[in-house]
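Student: take a look and give me a structure for this.
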Amino acid sequence: MGEDPGVKRGLTLRAADLIAERPPGTSDDIHFTEALAESVILHTTEVGDVVLDPFAGYGTTVVVAERLGRRAIGVELLPEHLEIARSRTAGRARLVLGDARELLGLVDEPVDLVFTSPPYMPNVDHPENPLTGYATNDGDYATYLRQLGSVFAQAAMLLRPGGQLVVNVANVVAADGRLTPLASDIAQVIAEHLTLLGTTTLEWDEQPAGLAGDYLLWFSRGEPTIQGPALTNATGHR
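Tutor: Residues are numbered from 1 along each chain as shown. Sure thing, here's the model as predicted:
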């Protein structure tokens, strides 16, 4: 199908917000800002809807969804990340310790929106496995994409008819300049399970290091049901 008219082609973001929103005591980069999460959640859901992040990390999706009156579910592999995410919520979000590759065994209710950003992997010289929290050296790019496809297949099964899945993903540049077209590769594996609505280019005022092109990939289960107001530039900082 053609691109959905409700999907904005570009959004402007501030790199400084990525640093400002790092949880205290960490030096890890977050993938997306609270303002971006707010734009997506308002655009696709209503108060009371269920929002799922199968790669919850430090909890940006669940924190914003909870704040906006949605029912938030986050799945996170690393206990230390989950505890930080839990400390950021008001106690109403459901946070689950577990492996997203076993999503259907961890989440047992239908959801209206899946909004997430998976851990990144370049396609060369990267033995660390993103799907084990980079804790093992059995990383393989083809296996990584196949397993991500399984995660998103399970997410698709959890979506209500008309529900949407939105993924933030960037292309990755290695230290020697080699490019991994991660965004298009992930789009292909998700498109095996859901209908692609369109792509939003995230235009940073200062491009984050190691990335070349940053995107939101929009998918729907069945016909799209754009519920919220038009997607706005994600330049606000909360």
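
Student: tell me the contacts of the residue nearest the centre of the chain?
Tutor: Residue closest to the mean C-alpha point of the chain, counted by CA atoms, centre = their mean, is Thr116 at 1.7 Å. By CB atoms under 8 Å, 6 or more residues apart in numbering, the contact set of Thr116 is Leu52, Asp53, Pro54, Phe55, Ala56, Thr61, Val166, Val167, Asn168. No exception for glycine: its C-beta is placed from N, CA and C like everyone else's.

Student: top of these by neighbour count?
Tutor: Thr61 (33 neighbours; other CB atoms under 10 Å).

Student: point out the other helices and strands that the one helix or strand it maps to packs with.
Tutor: In this structure, Thr61 is located in helix 60-67 according to DSSP states H and E. Identification of packing neighbours for helix 60-67 by 3 or more CB pairs under 8 Å, 6 or more residues apart in numbering; DSSP states H and E yields helix 34-44, strand 50-53, strand 71-76, helix 79-88, strand 111-116.

Student: need those in CSV (columns: distance to Gln154 and mean pLDDT).
Tutor: Formatted as CSV, the helices and strands packed on helix 60-67 follow (distance: least, CB to CB, whole Å; pLDDT from 0 to 100):
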stretch, distance to Gln154, mean pLDDT
helix 34-44, 19, 94
strand 50-53, 11, 98
strand 71-76, 11, 98
helix 79-88, 19, 95
strand 111-116, 10, 98
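
Student: which one of the ones you listed lies nearest to Ala100?
Tutor: Ala100 lies closest to strand 71-76 among the helices and strands packed on helix 60-67, at 5.5 Å (CB to CB).

Student: ok so Met157 is a strand residue?
Tutor: No - secondary structure of Met157 (DSSP: H, G, I helix; E, B strand; the rest coil): helix, not part of a strand.

Student: got the contact list for it?
Tutor: The contact partners of Met157, by CB under 8 Å, 6+ apart, come to Leu104.

Student: any idea how far Leu165 is from it?
Tutor: The spacing between Met157 and Leu165, counted by CB to CB, to the nearest Å, is 11 Å.

Student: give me the common contacts of those two.
Tutor: Residues touching both Met157 and Leu165 (CB under 8 Å, 6+ apart): none.

Student: gap between Arg88 and Phe152?
Tutor: From Arg88 to Phe152 the distance is 25 Å (CB to CB).

Student: quick one, which of these two is more surrounded?
Tutor: Neighbour comparison, Arg88 and Phe152: the larger count goes to Phe152, with 26 against 15 (by other CB under 10 Å).

Student: my reading is that the more buried one lies in a helix. Confirm?
Tutor: Yes - counting by three-state DSSP, Phe152 is found in a helix.

Student: what number of residues lie near the closest residue to it other than its chain neighbours?
Tutor: Using CB to CB, 6 or more residues apart in numbering and skipping residues adjacent in sequence, the residue nearest Phe152 is Ile190, 4.8 Å away. Ile190 has 22 neighbours, counted by other CB under 10 Å.

Student: now Ile190: how far from Phe55?
Tutor: Ile190 is 14 Å from Phe55, by CB to CB.

Student: can you list the residue ranges for strands in the protein?
Tutor: Assigned by DSSP state E, the chain shows strands spanning 10-13, 50-53, 71-76, 94-97, 111-116, 159-173, 179-180, 195-204, 211-220.

Student: Ala20: which of those is closest?
Tutor: strand 10-13 (12.1 Å).

Student: show me which positions of the closest one end up buried.
Tutor: Buried residues in strand 10-13, counted by 16 or more other CB atoms under 10 Å: Leu11, Leu13.

Student: mind listing the strands that strand pairs with, and their directions?
Tutor: Strand 10-13 has the following sheet partners, assigned by DSSP bridges: strand 195-204 (parallel).
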